[in-house]
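1. My questions concern the predicted model and sequence given below.
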Amino acid sequence: MGLALWLILASAPAGPDSVLVEAGFREFARHGVRIAVAATADARTRAEHVRARYERAVDIVRANLGLAPETGACVVACGTRRQFRKVVELLAGSAPPDYAEAVALPAMRTVVISPASDPLQDKALAHETAHLALHARFARIPRWIDEGLAQWAAGQVPADREVRNLRHWAFRNGVIPFASLADELPRRHDLAAFAYVQSFSVVAYLIMFRGGVERLLDVLARAQKAPLAAAWEQVYGETVEATWEDWRRYEARRFSAAAFLLHDIPLFSYLAVVLVVAYARYLVQRRRYLAAEDADDPAPGAAEEPAGAEDASFP
């Protein structure tokens, strides 16, 4: 996806208020939300702007999931990426991955956002707001459901290239097993990006074809008191593995080899193929030419008949 996100579920080592004060932030509370921005002359104006965006994010999440965060949430708007990484490390005890643009800390009801451009940042804020809403309702959520629902709520639809790549791997039966995404997503950027796309795809499949958001939330509600596998069978009437395989086949059927070759094979690969074919043709033609020359030459050691030999006569 164009914007990678990150979620910290563990409790942070320090409270947000003291950390933010030490980091030079000023906090404003209004309408049940706390906004922290850098302590500058226009801090209040910027805080109002962030608050308005957060309220829009809450409305989007409520419309798409039917859930909302608890009151008293804190949104920390950082001025630089360096500040973003520092604040996350102070709050969570570890730095976010390099590709992260926003972080949710549900245990602290806190969202930290980096200074991305507004269109991307609005979706990132909605994504993290969805995490706060989900964890306000459910204590335990499989990671792929958590990320898939957050992307669905924020409208973070994968790019066409990412979808083609996912379908290619679904066709090759090379998608990530659901058990590998239950607790954590990969930290490596390329694998994490693929895991996000896959999580969105599975959740979208469940919402569109297997009963909607309400049914998936019912699974989460039942999974608070029972294992996920049991809750899944109660709601969907089959194992998680069976549903996963149905999803994989659904995406595999939508794989187009022509589209994949046209859009996702680098141009230099086509040039390399053209050069190989041209060289192969050259070798074939050269071999034919040499073979023709050999056919025209006399055999070694053969004597040429003298001119007029057929006219010679003996008495």
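-> Right, received. Where do you want to start? Residues are numbered from 1 along each chain as shown.
2. tell me the centre residue of this protein?
-> By C-alpha atoms, centre = their mean, the chain has its centre lying nearest to Ala193, at 2.9 Å.
3. For the residue lying closest to Thr110 once chain neighbours are set aside, list each beta-bridge partner.
-> The shortest distance from Thr110 to any non-neighbouring residue, by C-beta to C-beta, 6 or more residues apart in numbering, is to Cys74 (4.5 Å). Heads up, the C-betas are built off the backbone N, CA and C, glycines and all. Judged by DSSP bridges, the bridge partners of Cys74 are Arg34, Thr110.
4. can you pull the contacts of Cys74?
-> Going by C-beta atoms under 8 Å, 6 or more residues apart in numbering, Cys74 touches Pro16, Glu27, Val33, Arg34, Ile35, Ala36, Met108, Arg109, Thr110, Val111.
5. quick one: the second one and Leu132, what's the gap?
-> What it means is Glu27. Computed as C-beta to C-beta, to the nearest Å, the Glu27 to Leu132 distance reads 17 Å.
6. Which parts of this structure are helices?
-> 16-22, 43-65, 81-92, 118-137, 143-154, 160-171, 189-209, 212-222, 228-236, 240-253, 257-264, 267-296 (DSSP state H).
7. For the third one, buried residues please.
-> What it means is helix 81-92. For helix 81-92, a neighbour-count test (16 or more other C-beta atoms under 10 Å) marks Gln83, Phe84, Arg85, Val87, Val88, Leu90, Leu91, Ala92 as buried.
8. And the residues you listed, which is closest to Thr45?
-> Nearest to Thr45 among the buried residues of helix 81-92, counting by C-beta to C-beta, is Gln83 at 18.8 Å.
9. wait, that closest one sits on Leu20?
-> No - the criterion here is C-beta atoms under 8 Å, and Gln83 misses it with Leu20 at 11.0 Å.
10. CA atoms only: put stretch 185-201 into CSV for me.
-> In CSV, the C-alpha atoms belonging to stretch 185-201 read as follows (Å, rounded to 0.1, in the frame of the first residue of the first chain):
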residue,chain,number,x,y,z
LEU,A,185,2.9,-9.0,11.1
PRO,A,186,6.4,-9.1,9.6
ARG,A,187,8.7,-6.2,10.4
ARG,A,188,10.5,-6.3,7.1
HIS,A,189,9.0,-3.7,4.8
ASP,A,190,8.2,-5.8,1.7
LEU,A,191,6.8,-8.7,3.7
ALA,A,192,4.8,-6.3,6.0
ALA,A,193,3.3,-4.5,2.9
PHE,A,194,2.2,-7.9,1.5
ALA,A,195,0.7,-8.9,4.8
TYR,A,196,-1.3,-5.7,5.0
VAL,A,197,-2.7,-6.2,1.4
GLN,A,198,-3.5,-9.8,2.2
SER,A,199,-5.2,-8.9,5.5
PHE,A,200,-7.3,-6.3,3.7
SER,A,201,-8.2,-8.8,1.0
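11. pLDDT on stretch 180-191, on average?
-> Mean per-residue pLDDT for stretch 180-191: 85.
12. What are the buried residues along it?
-> Across stretch 180-191, burial judged by 16+ other C-beta under 10 Å covers Leu181, Leu185, Pro186.
13. In JSON lines, list those along with distance to Asp98.
-> What follows is the buried residues of stretch 180-191, written out as JSON lines (distance: C-beta to C-beta, whole Å):
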{"residue": "Leu181", "distance to Asp98": "21"}
{"residue": "Leu185", "distance to Asp98": "15"}
{"residue": "Pro186", "distance to Asp98": "14"}
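14. In strands, which of the residues you listed fall?
-> Per DSSP state E, strands hold no members of the buried residues of stretch 180-191.
15. hmm, back to that, among the contacts of Cys74, show me the least confident.
-> Lowest pLDDT among the contacts of Cys74: Pro16, 76.
16. Would you mind confirming that that residue is in contact with Gly72?
-> No - taking contacts as C-beta under 8 Å, Pro16 lies outside contact range of Gly72: 11.1 Å.
17. Settle it for me: which of those two has more neighbours?
-> For Pro16 and Gly72, the more surrounded residue by other C-beta atoms under 10 Å is Pro16, and the numbers stand at 22 against 10.
18. quick one: that one from Val76, how far?
-> Applying C-beta to C-beta to Pro16 and Val76 gives a distance of 7 Å.
19. Val112 now?
-> With C-beta to C-beta as the criterion, Val112 and Val76 are 4 Å apart.
20. Report how many residues lie close to the closest residue in space to His189 that isn't next to it in sequence.
-> Distances taken as C-beta to C-beta, 6+ apart put Tyr99 closest to His189, at 4.8 Å, once the chain neighbours are dropped. Using other C-beta under 10 Å, Tyr99 is surrounded by 15 other residues.
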